[in-house]
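Participant: Sequence isn't available, so here's the structure alone:
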């Protein structure tokens, strides 16, 4: 039973993908199957999270082969949290985008295919969170890459192709670097099992191997997470996709890269094994600054929000570089908060575009009066992203700043404060242009009815943000537990190398 629970985040989207490939299935049937499957996935990962919190790390040894020789799936607190938040966002995005609202999916067979690709994307995301070896992490990333690329260019617009090609080419280059680093490790250690790699590297005491292979793998994941100087693909591509798809990308894709960095650079490529994190900190600060400056200069709402993803990724990787349990706790909480907030903002951006016929916020206006519910759906995540207390973004940034003070990283603290002010400024810019000022009389608005489902989706994510904010102590304790497991990976090593499932 525990084996089935551990593998369910992979089985559910895989089976849904297969069903969506059945010929002649109707669009209405595919809607029902897709949304039901997303609900089942959310139920399964909720049960998995409860089980992990109650009983500790769970593992599944494929075919009964003991590590490091066989494939192993590992569900600890961090991976269970990431699985849960990803499933929640996918479920909400399907509510928003299924045959209603500004992002009604394509009719007919294309509609069915898009559902299949969404679940194919979730298959890659969930596999990345669960895998316990480096090669399968590469495989799951490629599954995610294929699905996301097709979703990104599915409408076939000329404007989508340059951003989509930039996205796929950079990710293919990152994958090549990933394989090169994995090859170096395998040639020296004879294993790609993460736990076995960590144990053997600790005994080998070879900092040259650690830094060489670790640098290759870091560059690969830095590119996938949109860290400077590999960030340029994100603002060129995300805003080109349909709003529901871009919200799914904004919430999940870069966070898988952050998860991989957290996993490998606290377990395998650690300072104790000879890897230096100083460069990660400086790259993170550069990412924070360039991302927020790009956002300040933008008026295309979803492109502006895409630059903010880059900026916020810098906060997360900076916490990894700071190290220590407090910094890791802040990073994990930050990731959870950011997934909810950024997905909501992209959905709000989609509704604004649909109701005005323009992504340019200078052509918006008046939504504070004409749609106060939409204004509320913007204000909650926007204030949270800007770090206004008592919302979740404030607590995430406060703990990161505290970790910076404890480690004496004053340049990071100054950078974080300045970037926070500029983040709030850009959110106020959207508020003034889209909501507060009078509607632009020279820009007629199409009669677009976005329906009730988009608001149900946005309110669900706003509610999650409020849970993280007002019930943040419970979420923070879960993040603290996950950070403790990262800071002291002995439990992970024992579960993989010595134990099995319950």
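Facilitator: That came in fine, so what should we check first? This is a predicted model, so every value here is computed, not measured.

Participant: contacts, neighbours, all on C-alpha from now
Facilitator: Fine.

Participant: Low-confidence stretches in the stretch 151-300 of the chain?
Facilitator: By pLDDT under 70, the low-scoring segments of the stretch 151-300 of the chain are 154-163, 206, 274.

Participant: now residue 185, nearest residue through space, not along the chain?
Facilitator: residue 213 (6.5 Å; CA to CA, 6 or more residues apart in numbering).

Participant: Which helix or strand contains the one you found?
Facilitator: Using DSSP states H and E, residue 213 falls within helix 207-225.

Participant: list the buried ones in the helix or strand following that helix?
Facilitator: The element immediately downstream of helix 207-225 (helix or strand, assigned by DSSP H and E) is helix 233-237. By 16 or more other CA atoms under 10 Å, the buried positions in helix 233-237 come out as 233-237.

Participant: Let me have those in JSON lines, extended by distance to residue 45.
Facilitator: Output for these, formatted as JSON lines (distance: CA to CA, whole Å):
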{"residue": "233", "distance to residue 45": "31"}
{"residue": "234", "distance to residue 45": "29"}
{"residue": "235", "distance to residue 45": "31"}
{"residue": "236", "distance to residue 45": "33"}
{"residue": "237", "distance to residue 45": "30"}
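
Participant: Any figure for the gap between residue 278 and residue 412?
Facilitator: Look at residue 278 and residue 412: by CA to CA, to the nearest Å, they are 12 Å apart.

Participant: So which residues of the stretch 51-200 of the chain form strands?
Facilitator: Ranges of strands in the stretch 51-200 of the chain, per DSSP state E, counting those that start in this stretch, are 58-61, 72-75.

Participant: again but with the stretch 251-400 of the chain, I slipped
Facilitator: So, for the stretch 251-400 of the chain - with DSSP E, counting those that start in this stretch - there are no strands.

Participant: Any idea how far the helix or strand containing residue 7 is from the middle of the chain?
Facilitator: Take DSSP H and E as the rule and residue 7 turns out to sit in helix 2-20. Relative to its chain's centre, helix 2-20 lies at 20 Å (CA atoms, centre = their mean, to the nearest Å).

Participant: For it, give me every contacting residue.
Facilitator: If you take CA atoms under 8 Å, 6 or more residues apart in numbering as the criterion, helix 2-20 is touched by 30, 33-34, 37-38, 40-41, 44-45, 47-48, 58-60, 73-75, 83, 112-113, 115-117, 119-120, 122-123, 126-127, 501-502.

Participant: and those, which are buried?
Facilitator: 30, 33-34, 37-38, 40-41, 44-45, 47-48, 58-60, 73-75, 83, 112-113, 115-117, 119-120, 122-123, 126-127, 501.

Participant: helices and strands around the top helix by length along the chain, which ones?
Facilitator: In the chain, taking DSSP state H as the definition, the longest helix is helix 325-356. Applying 3 or more CA pairs under 8 Å, 6 or more residues apart in numbering; DSSP states H and E, we find helix 325-356 packed against helix 77-97, helix 243-267, helix 301-322, helix 372-386, helix 392-407, helix 453-470, helix 472-487.

Participant: Give me the number of neighbouring residues for residue 421.
Facilitator: 13 (other CA atoms under 10 Å).

Participant: For it, give me its contacts.
Facilitator: Residue 421 neighbours (CA under 8 Å, 6+ apart): residue 386.

Participant: residues of the strand or helix carrying it that come out buried?
Facilitator: Per DSSP H and E: residue 421 is located in helix 410-430. In terms of neighbour count (16+ other CA under 10 Å), helix 410-430 has its buried residues at 412-413, 416, 419-420, 422-430.
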